[in-house]
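[1] Starting from these lines, generate the structure:
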Amino acid sequence: MCGLDRTYIGGIERGERNVALVNVEKIAKALKISLSELFRSV
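    Predicted coordinates for the structure are as follows:
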């Protein structure tokens with residue numbers, strides 16, 4: 001849904017990849033949440 005490769009997403013989830021802010025925004029849009037909501041629990 002966000003246009004990023006599933007292996008890249010998996011690497012992010014496992015903490016193996018550093019994610020660019022532009023990709024964080026793509027993920028938030030795919031989840032239909034704001035960036036602030038995505039980072040709220042961090």
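
[2] which helix in this protein runs the most residues?
    In the chain, assigned by DSSP state H, the helix with the most residues is helix 21-31.

[3] what is the mean pLDDT for that one?
    Taken as a whole, helix 21-31 has a mean pLDDT of 95.

[4] likewise stretch 7-14?
    Stretch 7-14 shows a mean pLDDT of 96.

[5] Buried residues, that stretch. List them.
    For stretch 7-14, burial by neighbour count (16 or more other Cβ atoms under 10 Å) applies to 9, 12. Every residue, glycine included, has its C-beta placed from N, CA and C.

[6] Not counting its own residues, what contacts that stretch?
    2, 17, 19, 23, 27 (Cβ atoms under 8 Å, 6 or more residues apart in numbering).

[7] From those, list the buried ones, please.
    23, 27.

[8] Pull the most distant pair out of the contacts of stretch 7-14.
    Pairwise distances across those (Cβ to Cβ) peak at 14.2 Å, for the pair Cys2 and Arg17.

[9] And the helix or strand following the longest helix of the chain, what's buried?
    Of the helices and strands lying after helix 21-31 in sequence (DSSP states H and E), the nearest is helix 35-39. Within helix 35-39, no residue counts as buried by 16+ other Cβ under 10 Å.

[10] Ile27 and Leu4 touch, don't they?
    Yes: counting by Cβ atoms under 8 Å, Ile27 does reach Leu4; the two are 7.2 Å apart.

[11] want to throw the contacts of stretch 7-14 into CSV with distance to Glu37?
    Listed next are the contacts of stretch 7-14 as CSV, based on distance: Cβ to Cβ, whole Å:
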residue, distance to Glu37
Cys2, 15
Arg17, 22
Val19, 16
Asn23, 17
Ile27, 12
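
[12] and of the contacts of stretch 7-14, the nearest to Val42?
    Among the contacts of stretch 7-14, Val19 lies closest to Val42 (Cβ to Cβ), at 12.4 Å.

[13] what's the helix or strand for the nearest residue to the closest one once chain neighbours are set aside?
    Setting aside the residues directly before and after it, Val19 is nearest to Ile12 in space (Cβ to Cβ, 6 or more residues apart in numbering), at 5.1 Å. Using DSSP H and E, Ile12 sits within helix 6-13.
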